[in-house]
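J.: this one's sequence-less:
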């Protein structure tokens, strides 16, 4: 399952709990995180200005230096731990911080990821964070890598079109009717079946070229011993020779397309 789910062509990350429950995390990209960061900077600045104005007559400059330090180093950690991984900026943008396995972020992981913000600012305007995020399947910056955290969309957020498209629904995949039925000779494991069905659900979003590239990983493994159904005996083998994704989608039709046969896995 992870071979398909962690593909750079699709940033959705499948996660399985120790109890065997599966769900999908949708990592937040660079733009929405930048918007959340800008909103948090505004809130931090507003808090600082209000306190400076209110205490300018009674508080010394040392207090404001301490306040700046606390806001800079503990603002995000406090909200991560006590507000379910959401600072004001993240809440407005509909994202939150979680552990790499989807569980709530703990104080240690939150403090570590925010402590390493200074590493992201070594170059101008968070350039290191930008470089880390564009090469990471989960859009992780350096602190996220070290602390094993992710910034993901919340459950009640309206997801981007690439995630919320109806083709990702688990009920029905009508495009599989365009592919002939394929029956693997060997028994597939649970993980293999889930990987094949997940690939089939996302096939319309990937495009043929990228689908063939991803499917080639599994097609080479499953190709040996594969036979076709009775509705695909004419010219189907030649078609499969030129399309790795057709192998996988043909098996997906067997697994989830309502095909009944005593040869089905």
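T.: That came through, no problem. Please read all numbers here as calculations on a predicted model, not as lab measurements.
J.: Residue 152 - how many residues pack around it?
T.: 21 (other C-beta atoms under 10 Å). From N, CA and C alone the C-beta is placed, and that goes for glycine too.
J.: That one contacts residue 25, correct?
T.: Yes: counting by C-beta atoms under 8 Å, residue 25 is a contact partner of residue 152 at 4.8 Å.
J.: Now the common contact residues for these two.
T.: Counting by C-beta atoms under 8 Å, 6 or more residues apart in numbering, the shared contacts of residue 152 and residue 25 are 98, 102.
J.: show me what contacts residue 143?
T.: 112, 113, 114, 115, 116, 117, 119, 120, 149.
J.: Narrow those to those that are buried.
T.: When the contacts of residue 143 are checked for burial by 16 or more other C-beta atoms under 10 Å, the buried set is 112, 113, 114, 116, 117, 120, 149.
J.: In what element of secondary structure is the residue lying closest to the fourth one once chain neighbours are set aside found?
T.: Of all residues beyond its chain neighbours, the one nearest residue 116 is residue 143 (3.7 Å), with distances taken as C-beta to C-beta, 6 or more residues apart in numbering. When secondary structure is defined using DSSP states H and E, the element that contains residue 143 is helix 142-147.
J.: What are the buried residues along that helix?
T.: Using 16+ other C-beta under 10 Å as the burial criterion, the residues of helix 142-147 that qualify are 142, 143, 144, 147.
J.: quick check, nearest of those residues to residue 41?
T.: When the buried residues of helix 142-147 are ranked by distance to residue 41 (C-beta to C-beta), residue 143 comes first, at 17.0 Å.
J.: Give me the distance between that closest one and residue 151.
T.: Relative to residue 151, residue 143 is positioned 11 Å away (criterion: C-beta to C-beta, to the nearest Å).
J.: ditto for residue 119
T.: Taken as C-beta to C-beta, the span from residue 119 to residue 151 is 17 Å.
J.: Next: residue 51.
T.: Looking at residue 51 against residue 151, where the rule is C-beta to C-beta, the gap reads 28 Å.
J.: so what's residue 89 up against?
T.: Contacts of residue 89 were listed using C-beta under 8 Å, 6+ apart, and they are 35, 36, 37, 38, 39, 40, 43.
J.: any weak-confidence spans in the chain?
T.: Residues of the chain meeting the criterion pLDDT under 70: 1-11, 17-22, 55-58, 122-125, 156-172, 185-186, 223-242, 256-265.
J.: Would you state the strands of it in chain order?
T.: 13-16, 22-25, 95-99, 149-153, 182-183, 227-228 (DSSP state E).
J.: So which of these is nearest residue 250?
T.: Among the strands of the chain, the nearest to residue 250 by C-beta to C-beta is strand 182-183 (3.0 Å).
J.: ok now that closest one, how far from the chain's centre?
T.: Taking the mean of its C-alpha atoms, strand 182-183 sits 30 Å from the chain's own mean (C-alpha atoms, centre = their mean, to the nearest Å).
J.: Start the count at 50 instead of 1 going forward.
T.: In the new numbering, first residue 50, that becomes strand 231-232.
J.: Quick check: beta-bridge partners of residue 144?
T.: In this structure, residue 144 has the following beta-bridge partners (DSSP bridges): residue 202.
J.: Touching, it and residue 83? I think so.
T.: No: with contact defined as C-beta under 8 Å, residue 144 does not reach residue 83; the gap is 11.4 Å.
J.: Comparing those two, which residue is more hemmed in?
T.: Between residue 144 and residue 83, counting by other C-beta under 10 Å, residue 144 is the more crowded of the two (26 against 16).
J.: where's the more buried one relative to residue 199, distance?
T.: The gap separating residue 144 from residue 199 is 10 Å, by C-beta to C-beta.
J.: do residue 301 as well
T.: The separation that residue 301 has from residue 199, given C-beta to C-beta, amounts to 28 Å.
J.: Determine the longest helix present in the protein.
T.: Secondary structure of the chain read by DSSP state H shows that its longest helix is helix 79-104.
J.: which other helices and strands contact it?
T.: Based on contacts counted as 3 or more C-beta pairs under 8 Å, 6 or more residues apart in numbering; DSSP states H and E, the elements that helix 79-104 packs against are helix 110-131, helix 137-142, strand 144-148, helix 176-183.
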